[in-house]
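Student: sequence first, then the predicted structure:
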Amino acid sequence: MSTNIANKLAGKAAPVTGGVGGQAVRRFYSKTSQSESSRPGDGNNQPKETFMHAIIGITGNVGGATARALLKAGQKVRGIVRDKSKAAKWEAAGAELVLADVGDAASLEKGLEGVDGVFVMTPPYFAPKPGYPETKAIVRAIRQAVSAAKPSKAVYLSSVGAHLNSGLGLITQSHILEEEMGSLDVSNAFIRAAWFMDNFQWDVTAAREKGRMDSFLSPLDRAIPMVSTEDIGRLAAETLQQEWRGNRFLELEGPQRYSPLDAAEAFSHLLKRDVKAASVPRDQWAALFEQQGAPKDCIAPRIEMLDGFNSGLIDFEQRQAEHFKGRITLNDALRQLLERH
């Protein structure tokens with residue numbers, strides 16, 4: 001998840017040392033020397049010009065983190081929402097709210113009028129119909145609106161593995177997004193986020209009450225890239241304040257890689273009780289997903305995604321992308337989850 005698939009039911013979801021397209025690892029919150037003109041928030045004291053940035057998905061974790069970082073940087077924010085009452089806190093925080101439906105190109109175009117940049121995340125479908133018609137329809141609408149409104153740049157929430165043509169399961173939704181939007185005459189940046197640390201929210205109750213967390217990731221000791229939604233939002237906000245041409249692919253993970261056993265250990269430390277991780281047998285996945293309400297003919301993408309992570313197929317591309325590491329550790333992310341639940 002995401003990856004973009006930030007849901008346990010779906011999967012349970014730096015100093016610049018090289019240019020765009022290189023393999024450099026960038027710790028984008030570091031204050032050590034880097035290309036000062038191209039990275040905001042890194043100690044450069046030159047005043048920044050203020051622009052309006054639209055956020056599609058401002059009520060979600062990633063969209064909200066992006067909005068917070070932009071407002072903190074003194075930038076203007078416009079939230080694209082279907083219901084202003086659900087985004088009232090953002091209006092109170094200084095954001096402008098505009099009513100639009102992400103699946104309706106005409107209303108979305110109006111919502112994007114006059115903005116310098118736009119952050120885009122598509123609604124994730126955890127039990128999509130065969131062929132992903134829901135995602136394809138929404139991406140078509142977004143493409144039409146962005147093409148007509150002509151913002152100078154667009155930043156998208158994508159996913160680790162989105163460069164692959166097959167074997168992605170639910171992450172195919174991010175592949176569709178990249179393929180469709182990447183051909184627009186706009187400066188595009190696709191944030192290929194690692195597995196969301198926030199997915200562990202679905203383990204909070206069991207860890208706290210039973211000292212147990214069930215894992216679809218296997219083997220339990222295998223560490224994979226993971227990232228906090230806060231780090232995704234900050235990278236999105238920083239990127240929106242930059243200038244570039246063409247398409248960029250930004251791979252993002254946390255400060256180190258983590259396994260399910262690492263998560264159990266972190267829960268144990270934070271809860272001050274022993275928490276054990278246990279693998280969910282693969283032959284039980286389909287039945288569990290059905291019990292959780294997924295139609296039988298829509299389960300395969302979840303299973304394919306999990307198989308992709310567990311086999312190592314779903315990973316970063318590296319060769320044609322910039323690579324970033326955030327600052328939020330798994331321990332920090334789980335502490336925040338425990339405070340909220």
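Tutor: Yes, it's here. Computed from a prediction, not measured in an experiment: that's the story for all the values here.
Student: now find how far off-centre the helix or strand where Ile232 lies is within its chain.
Tutor: Per DSSP states H and E: Ile232 is located in helix 229-240. The chain centre lies 9 Å from the centre of helix 229-240; the measure is Cα atoms, centre = their mean, to the nearest Å.
Student: which strands and helices sit next to it?
Tutor: helix 61-72, strand 117-120, strand 153-159, strand 187-193, strand 247-253 (3 or more Cβ pairs under 8 Å, 6 or more residues apart in numbering; DSSP states H and E). Where you see a C-beta, it was placed from the backbone N, CA and C, and this is true even at glycine.
Student: nearest to Ala141, of the ones you listed?
Tutor: Nearest to Ala141, of all the helices and strands packed on helix 229-240, is strand 117-120, at 11.1 Å by Cβ to Cβ.
Student: I'd like the next helix or strand past that closest one.
Tutor: Sequence order places helix 133-149 as the next helix or strand after strand 117-120, per DSSP H and E.
Student: packing partners of that following helix?
Tutor: Where contact means 3+ Cβ pairs under 8 Å, 6+ apart, helix 133-149 is packed against helix 105-112, strand 117-120, helix 172-181.
Student: as JSON lines, these with distance to Asn61 and mean pLDDT would be great.
Tutor: Shown next, in JSON lines, are the helices and strands packed on helix 133-149 (distance: least, Cβ to Cβ, whole Å; pLDDT from 0 to 100):
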{"stretch": "helix 105-112", "distance to Asn61": "21", "mean pLDDT": "97"}
{"stretch": "strand 117-120", "distance to Asn61": "13", "mean pLDDT": "98"}
{"stretch": "helix 172-181", "distance to Asn61": "16", "mean pLDDT": "98"}
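Student: just put these in a markdown table and tack on mean neighbour count and distance to Tyr132.
Tutor: Shown next, in a markdown table, are the helices and strands packed on helix 133-149 (neighbours: other Cβ atoms under 10 Å; distance: least, Cβ to Cβ, whole Å):
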| stretch | mean neighbour count | distance to Tyr132 |
| --- | --- | --- |
| helix 105-112 | 20 | 18 |
| strand 117-120 | 27 | 17 |
| helix 172-181 | 22 | 6 |
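Student: among the helices and strands packed on helix 229-240, which is nearest Ile176?
Tutor: From the helices and strands packed on helix 229-240, taking Cβ to Cβ, the stretch that ends up closest is strand 153-159, at 10.2 Å.
Student: the closest one to helix 229-240, inter-axis angle?
Tutor: Counting by axes from the mean of the first three to the mean of the last three Cα atoms, to 10 degrees, strand 153-159 lies at 150 degrees to helix 229-240.
Student: tell me the mean pLDDT for strand 153-159?
Tutor: For strand 153-159, mean pLDDT is 98.
Student: could you check the angle strand 247-253 makes with that strand?
Tutor: Going by the same axes, to 10 degrees, strand 153-159 makes 40 degrees with strand 247-253.
Student: so what strands line up beside strand 153-159?
Tutor: Applying DSSP bridges, strand 153-159 is found paired with strand 117-120 (parallel), strand 187-193 (parallel).
Student: could the ones you listed be laid out in CSV, adding distance to Gly131?
Tutor: Putting the strands paired with strand 153-159 into CSV (distance: least, Cβ to Cβ, whole Å) gives the following:
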stretch, distance to Gly131
strand 117-120, 22
strand 187-193, 22
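Student: about what we covered before: using JSON lines, lay out the helices and strands packed on helix 229-240 together with distance to Ala127.
Tutor: Shown next, in JSON lines, are the helices and strands packed on helix 229-240 (distance: least, Cβ to Cβ, whole Å):
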{"stretch": "helix 61-72", "distance to Ala127": "20"}
{"stretch": "strand 117-120", "distance to Ala127": "22"}
{"stretch": "strand 153-159", "distance to Ala127": "17"}
{"stretch": "strand 187-193", "distance to Ala127": "21"}
{"stretch": "strand 247-253", "distance to Ala127": "26"}
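Student: ok, which of these comes nearest Ala95?
Tutor: That would be, of these and by Cβ to Cβ, helix 61-72, which comes in at 6.1 Å.
Student: who's in contact with that closest one?
Tutor: By Cβ atoms under 8 Å, 6 or more residues apart in numbering, the residues outside helix 61-72 that reach it are 6, 53, 55-58, 76-77, 79, 90, 93-95, 119, 121, 157, 198, 229-230, 232-234, 236-238, 240-241.
Student: can you flag the buried ones in these?
Tutor: The neighbour-count test (16 or more other Cβ atoms under 10 Å) marks 6, 53, 55-58, 76-77, 79, 90, 95, 119, 121, 157, 198, 229-230, 232-234, 236-238, 240-241 as buried among these.
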